[in-house]
Each structure stands twice: as structure tokens, then as C-alpha cells.
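Student: Provided below are the primary sequence and the corresponding predicted coordinates.
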Amino acid sequence: MRGPTAVSPAPPRLPPTVRQATGWFLRNPASLHDDEHHQLNALTTACPPLADLREHVRAFADMMLNLRGHQLDRWMAAVEADDLPELHSFVAGLRREPPRLRWRAQGLIPAGSLGWC
């Protein structure tokens with residue numbers, strides 16, 4: 001008679017690719033699968049600057065989708081208060097084009113009617 005069969009441990013999970021992680025950051029959180037939520041939470045727990053980035057990206061998307069352009073200055077100040085050089089560069093670009101962005105974020109002009117807005 002044989003003894004109990006040893007169960008091999010699951011192989012370690014590979015870290016997400018940049019493409020996967022970017023997708024998790026940019027997609028609506030409601031559209032992420034449970035496994036994707038778990039992986040994104042693990043990633044942002046392991047790297048606090050990514051957690052900050054996640055919150056800024058979500059806040060910007062919410063502001064734009066819900067036409068809350070009046071929150072843009074507050075959002076840019078919050079970004080500049082964090083150590084996220086890539087987002088600082090993004091904010092610098094926004095500051096060069098604020099009227100169009102504000103108008104678009106407030107629903108005063110349709111998307112696409114003024115260049116990149």
C-alpha cells in the first residue's frame with residue numbers, strides 16, 4: 001500500500017508585465033477581475049509610489065469622465081506634492097494648455113474638437 005501523495009507547491013507567480021500593470025491602472029476598477037484586483041493590490045502594497053500613482057490616475061479619470069474640471073488645480077497640486085517625476089511632467093504639460101483642458105473637463109466643448117482635448 002502506498003503512502004499519501006505529496007502535493008507539489010504551486011510555482012511562484014511571475015511578476016506582471018508592464019503592459020499588464022498599465023492596463024490595471026488605466027481600466028475602470030469595476031472591470032478588473034478578482035485576480036487582477038489581487039495582483040494590483042499586491043503590486044501597490046509592495047511599492048508605495050505605485051499606490052500614489054494609482055490614486056492620481058483614478059482621480060484624474062474620474063475628474064475627466066464626470067466633467068469635474070473645477071478640481072483640476074487641486075489634482076495638479078496633489079500630484080506635485082508627491083515624488084512622481086513622470087506625473088510632474090504630465091502636469092507641466094497640462095499647465096501649458098489649461099483653458100482647453102478645463103473647458104473639456106467641464107463639458108463646455110466636446111472631446112476631440114480642439115486638438116488633443
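Tutor: Right, received. Where do you want to start?

Student: Low-confidence bits of this structure, can you list those?
Tutor: Across the chain, the ranges flagged by pLDDT under 70 are 1-6, 98, 101-102, 105-117.

Student: most residues in a single helix of it, which one?
Tutor: Ranked by residue count and defined by DSSP state H, the top helix of the chain is helix 48-65.

Student: Give the buried residues for the next helix or strand after that one.
Tutor: Going down the chain from helix 48-65, the next helix or strand is helix 72-81, by DSSP states H and E. By neighbour count on 16 or more other Cβ atoms under 10 Å, the buried set for helix 72-81 is 72, 75, 76, 78, 79. (C-beta placed from N, C-alpha, C; glycine too.)

Student: One more: stretch 39-52?
Tutor: Here stretch 39-52 shows 39, 40, 43, 44, 50, 52 as buried, counting by 16+ other Cβ under 10 Å.

Student: same check, this time on stretch 11-29
Tutor: Using 16+ other Cβ under 10 Å as the test for burial, stretch 11-29 gives 16, 21, 24, 25.

Student: need the buried residues of stretch 39-52 in JSON lines with distance to residue 60, can you?
Tutor: As requested, these are exported to JSON lines (distance: Cβ to Cβ, whole Å):
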{"residue": "39", "distance to residue 60": "22"}
{"residue": "40", "distance to residue 60": "17"}
{"residue": "43", "distance to residue 60": "19"}
{"residue": "44", "distance to residue 60": "16"}
{"residue": "50", "distance to residue 60": "15"}
{"residue": "52", "distance to residue 60": "13"}
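
Student: which two in those residues are spaced the farthest apart?
Tutor: 39 and 52 (18.1 Å; Cβ to Cβ).
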